[in-house]
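Undergrad: Build me a model:
(chains A and B)
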2 protein chains.
Amino acid sequence: MQLKKNPSLLASQVSGSASVSRAQESLGSFLSLFNPPKLLQVQNLPRLLSGIVDEAVRITGAERGTLYLIDHKKGILTSYIAHGLETEEITLPIGAGVAGHVVKTGKVYNCTDAYQCPFFDQRFDVRNGFITRSLLSAPIRNHENLIIGVIQLVNKHPSFTANDESFIRTFASYVAISIENAHLYREREKTFKSAVEMITSAIDKRDPATAGHSARVSKLCLLMAQEMRLSETEQTVVEYSALLHDIGKIGVPDAVLLKPGKLDDREYAAIKQHAIHTKEILHKMHWPKEWSDIPLIAAMHHERLDGSGYPERHHGLEMSTIARILAIVDTYDALVAIDRPYRRASSHAKVIEYLDQEVKKGLYDKKVYLTLKNIELLRLQPIYGDRIYSRES
Amino acid sequence: MQLKKNPSLLASQVSGSASVSRAQESLGSFLSLFNPPKLLQVQNLPRLLSGIVDEAVRITGAERGTLYLIDHKKGILTSYIAHGLETEEITLPIGAGVAGHVVKTGKVYNCTDAYQCPFFDQRFDVRNGFITRSLLSAPIRNHENLIIGVIQLVNKHPSFTANDESFIRTFASYVAISIENAHLYREREKTFKSAVEMITSAIDKRDPATAGHSARVSKLCLLMAQEMRLSETEQTVVEYSALLHDIGKIGVPDAVLLKPGKLDDREYAAIKQHAIHTKEILHKMHWPKEWSDIPLIAAMHHERLDGSGYPERHHGLEMSTIARILAIVDTYDALVAIDRPYRRASSHAKVIEYLDQEVKKGLYDKKVYLTLKNIELLRLQPIYGDRIYSRES
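TA: Residues are numbered from 1 along each chain as shown, chains lettered A, B, ... in the order given. Here you go, the predicted structure:
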């Protein structure tokens, strides 16, 4: 990659050398206070937003701070409060309160006495026994100059200075980048997840007997992973592995997949191929490093700890905890949820009874199984409805 | 979202108030020079990297700058040169040259006379008639403290100062965030694209007669969009619309989709349903705003400008340029590429002859058609191989 010289930049190098060295000196002290590496790296929006308010409160020496994000469709501002009182989320119509006023005018608002300010809404103070004195509020604009939020600082003694105003103005432009980066990133994650869900439901649709299977397995796997306190990355890996574990069925002909009666040996062998197809299909995808186990884990859902599973008769040690979760949840769902042509659905109690035996035989992980067994029926109900309750004698 | 007070932060507010106001003063001058909004927003890595070098050269007053990224797997450094000579990309083994030395030691290296420096490689100067005098080089570390690159500045007169060293050290930590954000974002885009390609090829595989169809259509649509100078977003939209346009075929039974002979009316109606399924399936996905037209465009690939198409007999005015590109390319590919059971493949010349008539009848967009007609066969060959050349009399 090669770029031409930019004459305007070269010119500024020469003329701006005095201010350049001033800026260099100030850079160290600025960066030691405002810690962008910590802040901008955060891909989790709520954590990012509270980190942002923390920084602004810390640097200005305010008592507390609030960050509002705008929902332009709904015409409201919603608050994220970091420092200060633990209060409810505040929702304001655009135009109401000081923050709403700032959105309307697009200007920084510095108020030395909130109770003298015509836009100030006292109801928040009344509810929370808080007294707002001074107040500094600035709009946050994105790269299209659209106001996407408001940052508001409260109670600096005696009041916020002109310096604070200039700080909050530039700080807000930083904040905007962080928010937009996090948004962009989240958008891409959501798009990817919805693509995976779409494939999943499309595959499920080919076989009405298993409709919704992958989505349910994924929800229950996620619940299990949270129950077992796996990391966020591991939770995501098991969630996607579960959504995609049956994708190999796309390669199984209708005649076999949808056959109502018992399968002969050849047909059963064709069905078993789906786990191999799953691995092959998923291996072709580009996975970020932290998700690179997904093809293997998805393809292992019929493997058993004693090596009696398929397609590769993997032995227990090769199966990670995540793979073990998927294997048992896949079986659980198949038994609880599905009125297959050749088998009636069972209650949770019946399936647990069955799994007790299978775990004793060494087919599934004991610890993973106990986690599943100990989940209250009420928490399974959102996924399975009433079918988990006993219907059999 | 509510957060507890952080006592350590509150303490720092009080004790650090003097340095806080110093930092606030410096903030304005710093931000006026180093423009993070411009820099950090860039999602395009090459542009980001050259922007980064521009900034460092401008702020320090160097003559030129180079940014090296490390490929740890291959054990090499690859250069991105912004300001300065227009030269070839430089590839160095880790350990070689000044940049390689910096990677090995992990420390900033400030050299007042390059030709006295034992690590300096003169070959670059020799090849380019450039004379390197002073040189400042710093490692770029990611959040895991792993060195991911090196930033190197060349020729400041008389030489780089201690201030420049402290600048480059902190600047490098900024650069690391920008690079990591861009990487993260690109990873997600690649993962999404590979998911789409995976679905596409899986669907194609059900019907051997159309294997590779969507991938080819997508490549040709992208070529057309570039030829017509559509925006990058529009190029992406037509690329994805093309990859996904036949996804509705997942809902068409094998018996109809794979039938070798002529279809009866009922069967033909079932095939036509695939365009409706495409729209329904894609509408269920979460699309970022800039891609939200994809479901509509994908579903329009059998619509014709005169309203004679299907499924909704849309009239021309409802079809955007992107939709018109997909419609004609889909037809082109079907005729050129596919030996369908009921039709032999045709040469490019034959298909163009056919499309001439169809365009005259008002079925396809004239401007879009002329763009297709004017693409040289040599540029189509990477997509179609030799089949585009005449095989018929």
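Undergrad: list the contacts for residue A:373?
TA: For residue A:373, the contacting residues are A:352, A:355, by C-beta atoms under 8 Å, 6 or more residues apart in numbering or on different chains. Quick note: C-beta positions are derived from backbone N, CA and C, even for glycine.
Undergrad: Could you report the separation of it from residue A:89?
TA: 37 Å (C-beta to C-beta, to the nearest Å).
Undergrad: got it, and residue A:73?
TA: 18 Å.
Undergrad: Which of the two has more residues huddled nearby?
TA: Taking other C-beta atoms under 10 Å in any protein chain shown, residue A:73 and residue A:89 do not tie; residue A:89 has more neighbours (10 against 6).
Undergrad: Near chain B, which residues of the stretch 251-393 of chain A are found?
TA: The stretch 251-393 of chain A comes close to chain B at residues A:251, A:253, A:254, A:255, A:281, A:282, A:284, A:285, A:286, A:287, A:288, A:291, as judged by C-beta under 8 Å from any C-beta of the partner chain.
Undergrad: Just the buried ones from those?
TA: Buried by 16 or more other C-beta atoms under 10 Å in any protein chain shown: A:251, A:281, A:282, A:285, A:286, A:287, A:291, out of those.
Undergrad: now these as JSON lines including pLDDT and secondary structure?
TA: JSON lines is the format used below for these (pLDDT from 0 to 100; DSSP: H, G, I helix; E, B strand; the rest coil):
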{"residue": "A:251", "pLDDT": "75", "secondary structure": "helix"}
{"residue": "A:281", "pLDDT": "89", "secondary structure": "helix"}
{"residue": "A:282", "pLDDT": "93", "secondary structure": "helix"}
{"residue": "A:285", "pLDDT": "90", "secondary structure": "coil"}
{"residue": "A:286", "pLDDT": "92", "secondary structure": "coil"}
{"residue": "A:287", "pLDDT": "93", "secondary structure": "coil"}
{"residue": "A:291", "pLDDT": "94", "secondary structure": "helix"}
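Undergrad: between those residues, which is closest to residue B:368?
TA: residue A:286 (31.2 Å; C-beta to C-beta).
Undergrad: where exactly do the strands run in chain A?
TA: Secondary structure of chain A by DSSP state E: the strands cover A:64-71, A:76-81, A:91-93, A:109-111, A:135-141, A:147-154.
Undergrad: and chain B, which of those strands is closest to it?
TA: If you check each of those against chain B by C-beta to the nearest C-beta, strand A:76-81 wins as the nearest, at 5.4 Å.
Undergrad: re earlier: need the strands of chain A in JSON lines with mean pLDDT, mean neighbour count and distance to residue A:330, can you?
TA: Listed next are those as JSON lines, based on pLDDT from 0 to 100; neighbours: other C-beta atoms under 10 Å in any protein chain shown; distance: least, C-beta to C-beta, whole Å:
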{"stretch": "strand A:64-71", "mean pLDDT": "90", "mean neighbour count": "22", "distance to residue A:330": "39"}
{"stretch": "strand A:76-81", "mean pLDDT": "80", "mean neighbour count": "21", "distance to residue A:330": "39"}
{"stretch": "strand A:91-93", "mean pLDDT": "81", "mean neighbour count": "15", "distance to residue A:330": "42"}
{"stretch": "strand A:109-111", "mean pLDDT": "94", "mean neighbour count": "19", "distance to residue A:330": "57"}
{"stretch": "strand A:135-141", "mean pLDDT": "93", "mean neighbour count": "25", "distance to residue A:330": "46"}
{"stretch": "strand A:147-154", "mean pLDDT": "93", "mean neighbour count": "25", "distance to residue A:330": "43"}
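Undergrad: Rebuild the ones you listed as a markdown table, extending it with distance to residue B:171.
TA: Putting the strands of chain A into a markdown table (distance: least, C-beta to C-beta, whole Å) gives the following:
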| stretch | distance to residue B:171 |
| --- | --- |
| strand A:64-71 | 28 |
| strand A:76-81 | 30 |
| strand A:91-93 | 39 |
| strand A:109-111 | 32 |
| strand A:135-141 | 25 |
| strand A:147-154 | 26 |
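Undergrad: just so I know, which of these lies nearest residue A:366?
TA: Among those, the nearest to residue A:366 by C-beta to C-beta is strand A:76-81 (42.6 Å).
Undergrad: between that closest one and strand A:147-154, how big is the angle?
TA: 40 degrees (axes from the mean of the first three to the mean of the last three C-alpha atoms, to 10 degrees).
Undergrad: starting at the chain centroid, how far to strand A:76-81?
TA: Counting by C-alpha atoms, centre = their mean, to the nearest Å, strand A:76-81 is centred 20 Å from the centre of its parent chain.
Undergrad: Quick one: check the lengthiest helix in chain A for contact with chain B.
TA: The residue-count maximum for a helix in chain A (DSSP state H) belongs to helix A:162-206. Yes. Applying C-beta under 8 Å from any C-beta, one finds helix A:162-206 in contact with chain B at A:163-164, A:166-167, A:170-171, A:173-174, A:176-177, A:180-181, A:184-185, A:187-199, A:201-203, A:205-206.
Undergrad: what residues does the stretch 101-250 of chain A put near chain B?
TA: A:143, A:163-164, A:166-167, A:170-171, A:173-174, A:176-177, A:180-181, A:184-185, A:187-199, A:201-203, A:205-206, A:247, A:250.
Undergrad: please redo it, this time with the cut-off set to 6 Å
TA: Within the stretch 101-250 of chain A, the positions near chain B by C-beta under 6 Å from any C-beta of the partner chain are A:143, A:163, A:166-167, A:170, A:173, A:177, A:181, A:187-188, A:190-192, A:194-195, A:198-199, A:202, A:250.
Undergrad: Can you flag the buried ones in these?
TA: Buried among these (16+ other C-beta under 10 Å): A:166-167, A:170, A:173, A:177, A:181, A:187-188, A:191-192, A:194-195, A:198-199, A:202, A:250.
Undergrad: which ones are touching residue A:224?
TA: Counting by C-beta atoms under 6 Å, 6 or more residues apart in numbering or on different chains, residue A:224 makes contact with A:325, A:371.
Undergrad: Could you tell me how far it is located from chain B?
TA: In this structure, residue A:224 and chain B are 24 Å apart, going by C-beta to the nearest C-beta, to the nearest Å.
Undergrad: per-residue confidence at that residue?
TA: On the pLDDT scale, residue A:224 is placed at 98.
Undergrad: Stretch A:363-373: how far from the chain's middle?
TA: 26 Å.
Undergrad: and it, which residues are buried?
TA: A:363, A:364, A:365, A:368, A:369, A:371, A:372.
Undergrad: Just those residues: which are in helices?
TA: A:368, A:369, A:371, A:372.
Undergrad: The nearest residue to residue A:332 once chain neighbours are set aside: neighbour count?
TA: Nearest-residue entry for residue A:332: residue A:351, 5.9 Å, with adjacent residues in sequence omitted and distances by C-beta to C-beta, 6 or more residues apart in numbering or on different chains. Neighbour count of residue A:351, defined by other C-beta under 10 Å: 20.
Undergrad: So what touches stretch A:111-127?
TA: By C-beta under 6 Å, 6+ apart, stretch A:111-127 touches A:97, A:98, A:101, A:132, A:134, A:135, A:159.
Undergrad: any chance of the residues you listed in TSV, plus distance to residue A:378?
TA: As requested, those are exported to TSV (distance: C-beta to C-beta, whole Å):
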residue	distance to residue A:378
A:97	40
A:98	44
A:101	46
A:132	43
A:134	49
A:135	45
A:159	53
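Undergrad: Return the item of these having minimum pLDDT.
TA: Among those, residue A:97 has the weakest pLDDT, 87.
Undergrad: Quick check: closest non-adjacent residue to that one.
TA: Using C-beta to C-beta, 6+ apart, the nearest residue to residue A:97 is residue A:121, at 4.4 Å.
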